[in-house]
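Novice: pasting the structure only:
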């Protein structure tokens, strides 16, 4: 009987020891989680100071995070655009923008803008200013950052060329200009004839200004960059018609002026480029030209032709008698 009870007692004691061990482990875990038994904080102690401001990472704006394009120099441009560089090197632009320092000694980038992003992008055209891919307004504005000064470009923004979407690079080539003076893509008058076909035909008429012969050029009479006058016609310092630059004997002043010369200008009687009639007159019959104003009707204040002037016989040309038709210092009827 004793032998049976002893194993049972032994098993019961082992169970109690195991249970007690598990209970101790649970109590230790609860005490650790709740902080029970830890030292209470000192009420007089100061709270820890925050880390210094310099330790915090600075805020970076999206604009500042992207690096602005930098200038890389004309020699970098030459590595890919050698043909353009070689042409530019022979031009006046090279003299002004690179050899002599330019605006900021940037050469190609004075016109095209900083090129670092363009180079980093493997020649990405969207990272630099390409003249052929922008509007006339944008191209002209960029050229006028340097060429705005001087009388030649004073009215460039309001010029007829600008209003008709003709940009600076339509006529000028900064890299391969055939004319060294103004870097024109073609010489005059061929350049002008590219658009002005009507005037090309007029210069082929029997009586014309000698433009095709090379005596004068289109730009002698027209300021291609704009004027305050119609058709971009030049004027003298006294605001007289540009015709008097060559035809000085017609300028005056005269004691007796012929009103159309001062009021309407030479174009009131003459074709300016060329025509089929002598002296480039608008009408072949001189009398008919004069009678456009000198009639007995009330629309014109000009004196009418006298009744004794027989237009069918002797008086077939007014200027046979009224020879000083542009103005006279001796006779009010422009007799010689």
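Specialist: Yes, it's here. For clarity, every value in this text was computed on a predicted model and none was experimentally measured.
Novice: domain ranges for this protein?
Specialist: 70-129, 246-336 (automatic domain parsing).
Novice: what's the span of the last one, first residue to last?
Specialist: Looking at domain 246-336, the gap from its leading to its trailing residue is 22 Å under the measure Cα to Cα, to the nearest Å.
Novice: Single out the most deeply packed of the domains of the chain.
Specialist: Ranked by mean neighbour count, the domains of the chain are led by domain 70-129 with a mean of 16 (mean count of other Cβ atoms under 10 Å). Any C-beta I mention is one placed from the backbone N, CA and C, and that applies to glycine too.
Novice: Output the domains of the chain as JSON lines; include the columns distance to residue 186 and mean pLDDT.
Specialist: Shown next, in JSON lines, are those (distance: least, Cβ to Cβ, whole Å; pLDDT from 0 to 100):
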{"stretch": "domain 70-129", "distance to residue 186": "15", "mean pLDDT": "82"}
{"stretch": "domain 246-336", "distance to residue 186": "19", "mean pLDDT": "85"}
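Novice: Could you save those as TSV and add columns showing distance to residue 232?
Specialist: Shown next, in TSV, are those (distance: least, Cβ to Cβ, whole Å):
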stretch	distance to residue 232
domain 70-129	24
domain 246-336	13
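Novice: Nearest to residue 151, out of those domains?
Specialist: Residue 151 lies closest to domain 70-129 among these, at 18.9 Å (Cβ to Cβ).
Novice: That closest one: end-to-end distance?
Specialist: Domain 70-129 end-to-end distance (Cα to Cα) = 14 Å.
Novice: Stretch 268-276 too?
Specialist: Stretch 268-276: ends 17 Å apart by Cα to Cα.
Novice: For the residue nearest in space to the middle of the chain, give me its contacts.
Specialist: With distances taken as Cα atoms, centre = their mean, the residue of the chain nearest its centroid is residue 140 (1.2 Å). Contact analysis of residue 140 by Cβ atoms under 8 Å, 6 or more residues apart in numbering lists 156-157, 162, 167-168.
Novice: so which of the domains of the chain gets nearest residue 233?
Specialist: Using Cβ to Cβ as the measure, domain 246-336 is the one of those that comes nearest residue 233, at 8.6 Å.
Novice: before we move on, the earlier item: for residue 226, which of the domains of the chain is the nearest?
Specialist: domain 246-336 (18.3 Å).
Novice: Which one (most neighbours) among the contacts of residue 140?
Specialist: Neighbour counts for those, by other Cβ atoms under 10 Å, peak at residue 168, which reaches 22 neighbours.
Novice: Which element, helix or strand, includes the closest residue to that one other than its chain neighbours?
Specialist: Excluding the flanking residues, the one nearest residue 168 by Cβ to Cβ, 6 or more residues apart in numbering is residue 143, at 4.4 Å. For residue 143, the enclosing helix or strand under DSSP states H and E is helix 136-147.
Novice: and after that helix, which helix or strand comes next?
Specialist: Using DSSP H and E, the next helix or strand after helix 136-147 towards the C-terminus is helix 160-163.
Novice: Let's test this: mean pLDDT of that following helix, rounded?
Specialist: Here helix 160-163 scores 90 as its mean pLDDT.
Novice: quick revisit: how about the contacts of residue 140 in a markdown table, adding distance to residue 281?
Specialist: What follows is the contacts of residue 140, written out as a markdown table (distance: Cβ to Cβ, whole Å):
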| residue | distance to residue 281 |
| --- | --- |
| 156 | 35 |
| 157 | 37 |
| 162 | 34 |
| 167 | 38 |
| 168 | 38 |
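Novice: what's the closest of those to residue 251?
Specialist: residue 156 (28.7 Å).
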